[in-house]
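# Predicted model and sequence follow; I will ask about them next.
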Amino acid sequence: MRICVVGAGYVGLTTAAALADFGHEVQCVDMKQAKIDSLTQGKVPIYEPGLERLIRRNLEKDKLRFSSNVSESIRDYPIILIAVGTPSREDGSSNLNYINQVINIIASNINNYKIIITKSTVPPGTNEWIYQMLVEIGIEEDLFDIVSNPEFLREGTALWDIFHPNKLVFGTRTDRPIEVLKKLYEGEKVPYIFTSLTGAELIKYASNAFLATKISFANEMARICDVYEVDYLDIYKGLATDPRIGRYFLNAGLGFGGSCLPKDLSSLKHSAISRNVETKLLDAVMEINDTQIELYLNKLSTALPSLENKQVTVWGVTFKSGTDDLRSSPALALIKRLVQKGCRVHSYDPMVQLELPDVSSYVNQYESVVGSDVLIIATEWNQFQKCNWSEVKSRMKGSIILDARNCIDGKTVRRHGLLYLGVGKR
Ligand SMILES: NC(=O)c1ccc[n+]([C@@H]2O[C@H](COP(=O)([O-])OP(=O)(O)OC[C@H]3O[C@@H](n4cnc5c(N)ncnc54)[C@H](O)[C@@H]3O)[C@@H](O)[C@H]2O)c1
């Protein structure tokens, strides 16, 4: 099949490369010329394990092409897959400007039957609205089908997720595109869920809202464990072994961030309220998440009452390990809060060199702690869990290790003469 993927970001690039690998002829387009130039040379502007290799392989086989000519590509390809960003507006609703731009380009370039697939996460009702908009512009209904096909990949394991999905969700208005859709992800032996356009949109929001709820639940449990001097990890084991609960998204720590969970929760809340549905559970999930940074700073104050003029090293700046994505990163928010409190902040991340005023960014993990009063683990990169604590101890001025991701073995840290702090962590 011939597919045009619009948007060469985390989702668009991964999807385009995977579809090309399935044997389809894929053109991935983006409005950013510099991005397309580097992709055409096989250079991937984001970090996603294995993606560069997959892109190069399919460029060589001529199964994958890149272009910045969005209109021409949309004209040429019968299947259009939209993977542009849908960021939050100030009021929490989704900004659909990029989607709108693409739909307008489609409307002016549609010359034969096209299947228009929205992969971007969009609020309930958006795909119905796209359909109505195209009809109102005067596009014949016979010329297109709209499909909602939300994406569930996780950054850092995006390729694994796309080649081993646990389900494929398609929302359609009619049965007409279904046979084509079944061939899109050829060979995937997983449940196919066919529903309405709005049903598919809500499956995506419900999934992210549930995952965020698990994280805030874990964080509330860790707060309770903390005052009862119980290790939350024991509670975690008790929860994770129960198949009704599952083991994922139950880690306590700084809370959830990234480009999806916070924005999708806000957008879902906005959609619910706009139809007079109260969102008490979502509100609580967000409130817990929004107070995690202060919770960890309060924990730190039990050992260091004032942070003024203290040197604090933060390990990990991305929103989670395995990615270079800084969007809504709790670690970054923590760093900004430390600067506000008058700290001299040092940062180290295996993927990202921060360029922020008042923050000194290091390329070496151990050099970043030289002379520091405190070390905070803000992202659960493997190399932090396996770090050489004698080296850390000998280079730091102070001895406080704040484990804001519940990922470090406290006993090992203490054995090296350091003070270990965590929330619900012994
Ligand atoms: N990142 C994730 O882990 C993830 C997972 C599941 C779903 N999603 C959803 O997928 C969508 C895309 O997310 P992302 O992280 O890939 O975004 P991104 O910001 O990384 O990429 C979006 C790309 O679209 C391009 N673009 C915007 N408007 C365009 C236009 N008119 N024509 C051509 N290109 C255009 C941008 O230049 C950018 O390169 C969002 O709705 C997001 O919520 C993201």
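Structure's in. What do you need?

# next one: the top helix by length along the chain to chain centre, how far?
Among all segments of the chain classified by DSSP state H, the helix with the greatest residue count is helix 197-227. With Cα atoms, centre = their mean, to the nearest Å as the basis, the distance from the averaged C-alpha position of helix 197-227 to the chain average is 14 Å.

# same question, stretch 146-164
With Cα atoms, centre = their mean, you get 11 Å for stretch 146-164.

# ditto for stretch 66-86
Shown here is stretch 66-86, whose average C-alpha point lies 23 Å from the average C-alpha point of the whole chain (Cα atoms, centre = their mean).

# for the ligand, what are the nearby residues on the stretch 201-350 of the chain?
Remark: the part of the stretch 201-350 of the chain in contact with the ligand comprises Ser259, Cys260, using Cβ under 6 Å from any ligand atom. C-beta: built from backbone N, CA, C; applies to glycine.

# Tell me where the stretch 201-350 of the chain is predicted with low confidence.
With pLDDT under 70 as the threshold, the stretch 201-350 of the chain has no low-confidence stretch at all.

# all strands in it, in order from the N-terminus.
Counting by DSSP state E, counting those that start in this stretch, the stretch 201-350 of the chain has strands at residues 311-315, 344-348.

# Please apply the same query to the stretch 1-150 of the chain.
According to DSSP E, counting those that start in this stretch, the stretch 1-150 of the chain carries its strands in the segments 2-6, 25-29, 64-67, 79-82, 114-118, 144-148.

# domain parsing for this protein?
Domain assignment of the chain by automatic domain parsing yields the ranges 2-195, 205-290, 292-421.

# now the end-to-end length of the last one.
Spelled out, that is domain 292-421. 15 Å (Cα to Cα, to the nearest Å).

# go on, stretch 242-259?
With Cα to Cα as the measure, the first residue of stretch 242-259 is 30 Å from its last.

# Mean neighbour count, the strands of the stretch 201-350 of the chain: which tops it?
Here the criterion is mean neighbour count by mean count of other Cβ atoms under 10 Å, and of the strands of the stretch 201-350 of the chain the winner is strand 311-315, at a mean of 26.

# and that one, which strands flank it?
strand 344-348 (parallel), strand 374-377 (parallel) (DSSP bridges).

# Which one of these lies nearest to Val227?
Taking Cβ to Cβ as the criterion, Val227 comes closest to strand 374-377 out of the strands paired with strand 311-315, the separation being 21.6 Å.

# Give me the pLDDT for the one residue in the chain that gets nearest to the ligand.
Nearest residue of the chain to the ligand, counting by Cβ to the nearest ligand atom: Gly9, 1.7 Å away. You'll see Gly9 listed with a pLDDT of 97.

# Tell me which residues touch it, please.
With contacts defined as Cβ atoms under 8 Å, 6 or more residues apart in numbering, the neighbours of Gly9 are Asp30, Ile46, Ala83, Val84, Gly85.

# measure it to Thr86 for me?
Here Gly9 is placed at a distance of 11 Å from Thr86 (Cβ to Cβ, to the nearest Å).

# Ok, Ser207 next?
Applying Cβ to Cβ to Ser207 and Thr86 gives a distance of 16 Å.

# Right, I'll leave it there.
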